[in-house]
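K.L.:
Please find the sequence and the predicted model below.
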Amino acid sequence: MEAALKSAYTEKDHAPQPAVRPWFFTRPTAKTGIVSWLTTVDHKKIGLLYGMFSLFFFLVGGFEALLIRVQLAVPNNTFLTHQLYNEMFTMHATTMIFLAVMPLSAAFFNYLMPLQIGARDVAFPRLNGFAFWVFLAGAIILNVGWFTKAGAPDVGWFGYAPLTSNQFSTHFKGDVSTDLWVMGLQILGVSSVIGSLNFIVTIINMRAPGLTMMRLPVFTWMTLFTAFLIILSFPAITIALVELMMDRSFGTGFFEVSKGGLPILWQHLFWIFGHPEVYILILPAMGIVSEILPTFSRKPLFGYPIVVFSGAVIGFLGFGVWSHHMFTTGLGTMATAAFSLATMAIAVPTGVKIFNWIGTLWGGQIHTRTPMMFALGFIWMFMMGGFSGVMHSAAPADAQQQDSYFVVAHFHYVLIGGSIFALLAGIHFYFPLVFGRMVSEFWGKLSFWVIFIGFNVTFFPMHFLGLNGMPRRTAVYDGNMGWNEGNLIASIGAFILGIGIFIYFVVIVYTYAKGKKIKRDPWDARTLEWAVPSVPPPEHNFHVTPTVHARDAFWYEKTHAKEIAEENALHAKEEESHGGIHMPSQSWFPILTACGMLFGGLCFAHHFFPGAIVGGVLTFLGVIGWAFEGPGGYHLHLDKDGNVKPDHGDSH
Amino acid sequence: MSFATISRRLATATAVALLPLFTSGWLTGPQSTFETKGPVARSQLDVFYVTLWVTMIVFVLVAGVLAYATLKYKARKEDAEKPMPPQGHGNPFVELGLIALSIAALVVIAVPTLRAIWYTYDVPEEQRANAYEVTAHGLQWWFKFEYPAEQIDGTGALVNANELVIPAGRPVRVNLRTADVIHSFWVPKLAGKVDMMPNRGNHLWLQADEPGYFWGQCAEFCGESHAVMRFRVIALAEPDFAAWVAKQKQPARTVVAAPEQPKLVAAGYIPLVNPKRNAPGYTAEFDADPMGHWIAKQEVDAGEDVALALRGRAVFKEKACITCHAVRGHDGLGVNGPDLTHFGSRTTVAAGLLENSKVNLHRWITEPNNVKPGNKMYMGVNGMAGYMTADPKGDMTVAHIKVSDDEARALVEYLHSLK
């Protein structure tokens, strides 16, 4: 009976089928070369694509920051015009948030999360590729303005109405810089939401056997929380952007003052997205640090349930504090008080994380390797940013600090000192896993110290500038305001920071090409992503789907090698009897569909509506093709040594 | 000891700790939030000091433990043979204790925060009858101040631009309005900022303890020239304020041509030749005694060139300045630009940006876009052309108003005669 069922199953569903499909439904199979990247559905390749492009935009955003600091180095400077300066700070923020930190986090989600849960890929591999190509489309639309006469968007990353209206932001006929900003952000939102849904489904459904939720690595937990924050917060900004787009393109009056529109509505919609966005930027960083600290302290994370739970509480409270960005908009006493207290409350779960990280260090054997240096730097800098955060949770104090350089100092401490430090730590930490090479300790540590010093020299004086009354987003300042020294020091610091980042990147590129090759698990790590059979991991990640017995799954594997080996042998047999390792097929349709969105988005932003319709049709055709090309998928078979058998498997 | 006393003492101690920064000018600029000159800013500073102390104490404790743990448990060479550290998973009692302590620390911040939220929101009940009311309008990129209590027959409320004159020692309720985009009204030494929102009636209150001269600035990004949208607040003793109001209510001063008046060289000045973009418009001399300069500005300039001023009045009409600017009692009635009725008595020009000297005014009149890029005088406003007008493509490239050097001198003389 069982045998009959099994044979029917194999014969019917997995036997090679005759090619009756038209040529455009043929799945590409290139494993190397440009086509393999354009059509990839491999979460690791997509992660690398996210990583490369986000690092490119990180450098672009950093370059913009340096231009800003050159302009502000001396009072009454003329290096940039006011207009160009406004474009610069708008694009610096937009780039760093949406095109650098978010996609770099997405790179980690993509690459690591399926490995951490012992999966072969994400739940919807083609959708995963699509999310990346849509991200790239949005990034192009946001930046294309640099190459036009109108220049890049200049309304600030927050785009407060009514400055974004036609009346105030269209400087001449055909100035579509604001339309490009609106369209670019909407398309990026599509990418983020698609990616997040995919991650949520993957984490809920595709965990390896034995991997209960309370055994999930903290990074995967943070991926899950971040994904939920994204799908819950992006609709708010999407609504706001659609309304603004309608105002600008078709003359509606959502924010149009002369038509009775309410600019305050924009701020509520923007910040109900914008504040969770802050946690979207920091939670992945907290996840990475929560992986690195236990590894280099050689003991498990202190208070795992509380770290996880505090992440959830931060995510939850994050939706209830948005109006602290609006303390100066005249909310009235009661609302101001409520948001003030809610904002203070969020300091508790955040502080708890810091206590737990210190608890993780306590009693351990701390190996201060490069990733650990960045992770420790993260704790220090994030802590300082947290304290200035508490300072402006007190609304009356914030009345003096809001929109001053004090705030600029605060959020750079949490976003560079926090997010970026953790992401840089993560790159060092996972470089051996992803490329099989190890970054040199000397150069890694050197880049850390230069970045650490440069960062503090840049941003610490800004606390004083803000308290001394210097408003942000100002292209020039007078020399008699007591701001000269602080600004000059900050600008010098920015260049030290720039040099540090430069060293970091040179070292990374050098290591990629010529770094010391290593075997798997160079750090004696604890979580499942390091259990892959080789570095870089094979396409199918694990020869055998792992079974998880403990929170630090790989640590357990290493301490119970014999038990695991027996178990794996058994599971390998089972999987082979089910037809082998099931892998998703590549596809052209994700990138084609994204191209339709790029074309349509560009046309819409230029108010060329026939083109926008064509773009919409292309997108629709892409989706249709995607739906009808079939689910794809093929099987891999491994030989005794774990190599893929030359027969490419029975595709269908 | 009451809470206010404690926080005051802590504040003093902090100030002493931060002394080096104060003495080197890092925290004592004209827009310092530490050198408070009124109860609202002081209340906000008190809250800041509470947050500063609480976070400092927590920082010292947490950072101390972090530094200790890092150094104490750093792996050393000889540790290689040591066994693995105990693989403990945490301690719930430590966690709960720390959570309780964090909440306690936040309560210490929350109590004064709540008090100050209510205190700073509006003039306290008992002083409300005594409060003076003004309305501040934000415009791209200048401020208009309206005095609803000071009505002028046949004109309406007294208006002033970019310099808000208020009575000292008396609460002032400032209604905040905007005609275009969002701006924010911020005079750091007197009060924290509140935004001017379209379709929303905001307000703040402030009070200057003593007469004084204060720097302020727009604190919400409002477009191209946001950085140079500034203003000043001048607080006067009650009788001086009354005298100022009485004088401001008068129509513009008209110079009388006296044939025997000798031609004075004093009117002569050397205009800046091709002034650099963003060239500074402040002087150390002014900053040393801004109030003295303001008082001097109220008087007629010595060596006024009457003939030139009269010529300037004609130029003001010819060059269509009157379509946007009002000079009450003279020709202008425009409302798009600042009211210039008593322009000569102001210490600044171009929205608190340049000192109101002849050289600076000349520069502003001849090359406004070089001083404040995108300004409406240059680019036009509400469909009217400014110095420039649009070409068929919609770009502002066609010159519309040209002001020669001589005409500018005449305008300068005229405007400075408007005391």
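P.N.:
Arrived safely, thanks for sending. Numbers count the residues shown, from 1 in each chain, chains lettered A, B, ... in the order given.
K.L.:
Buried residues, stretch A:129-137. List them.
P.N.:
Residues of stretch A:129-137 classed as buried: A:129, A:130, A:131, A:132, A:133, A:134, A:135, A:136, A:137 (neighbour count, 16 or more other C-beta atoms under 10 Å in any protein chain shown). For the C-beta atoms, the positions are set from N, CA and C on the backbone; glycine is no exception.
K.L.:
now those residues in a markdown table, with secondary structure?
P.N.:
Output for the buried residues of stretch A:129-137, formatted as a markdown table (DSSP: H, G, I helix; E, B strand; the rest coil):
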| residue | secondary structure |
| --- | --- |
| A:129 | helix |
| A:130 | helix |
| A:131 | helix |
| A:132 | helix |
| A:133 | helix |
| A:134 | helix |
| A:135 | helix |
| A:136 | helix |
| A:137 | helix |
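K.L.:
and which of these is nearest chain B?
P.N.:
Of all the buried residues of stretch A:129-137, chain B sits closest to residue A:135, with 26.9 Å by C-beta to the nearest C-beta.
K.L.:
from memory residue A:644 sits against residue A:538, does it?
P.N.:
Yes - counting by C-beta atoms under 8 Å, residue A:538 is a contact partner of residue A:644 at 7.3 Å.
K.L.:
how about the buried residues of stretch A:129-137, which pair is most distant?
P.N.:
By the measure C-beta to C-beta, A:129 and A:137 form the most distant pair in those, at 12.8 Å.
K.L.:
need the residues of the stretch 301-419 of chain B near chain A, please.
P.N.:
Residues of the stretch 301-419 of chain B lying close to chain A by C-beta under 8 Å from any C-beta of the partner chain are B:373, B:374, B:390, B:393, B:394, B:395, B:396.
K.L.:
Chain neighbours aside, what residue packs nearest to the residue of the stretch 101-250 of chain A found nearest chain B?
P.N.:
Going by C-beta to the nearest C-beta, chain B is nearest to residue A:173 of the stretch 101-250 of chain A, at 3.4 Å. Among residues not flanking residue A:173 along the chain, residue B:394 sits closest, at 3.4 Å (C-beta to C-beta, 6 or more residues apart in numbering or on different chains).
K.L.:
and residue B:97, which of the three is it?
P.N.:
The assignment at residue B:97 comes out as helix when based on three-state DSSP.
K.L.:
all helices for chain B, in order.
P.N.:
Ranges of helices in chain B, per DSSP state H, are B:3-17, B:19-23, B:39-72, B:92-121, B:238-249, B:284-288, B:290-297, B:306-318, B:358-366, B:368-371, B:376-379, B:405-417.
K.L.:
Tell me the helices and strands packed up against the third one.
P.N.:
Taking 3 or more C-beta pairs under 8 Å, 6 or more residues apart in numbering or on different chains; DSSP states H and E as contact, the helices and strands that helix B:39-72 lies on are helix A:333-361, helix A:370-393, helix A:395-401, helix B:3-17, helix B:92-121, strand B:191-196, strand B:202-206.
K.L.:
for these, which one sits closest to residue B:321?
P.N.:
strand B:191-196 (26.3 Å).
K.L.:
Can you list the low-confidence ranges for the chain?
P.N.:
Using chain A here. Counting by pLDDT under 70, chain A contains low-confidence ranges at A:1-20, A:646-652.
K.L.:
that's the other chain; I wanted chain B
P.N.:
Looking at chain B by pLDDT under 70, you get B:1-4, B:7, B:22-23, B:78-81, B:257-267.
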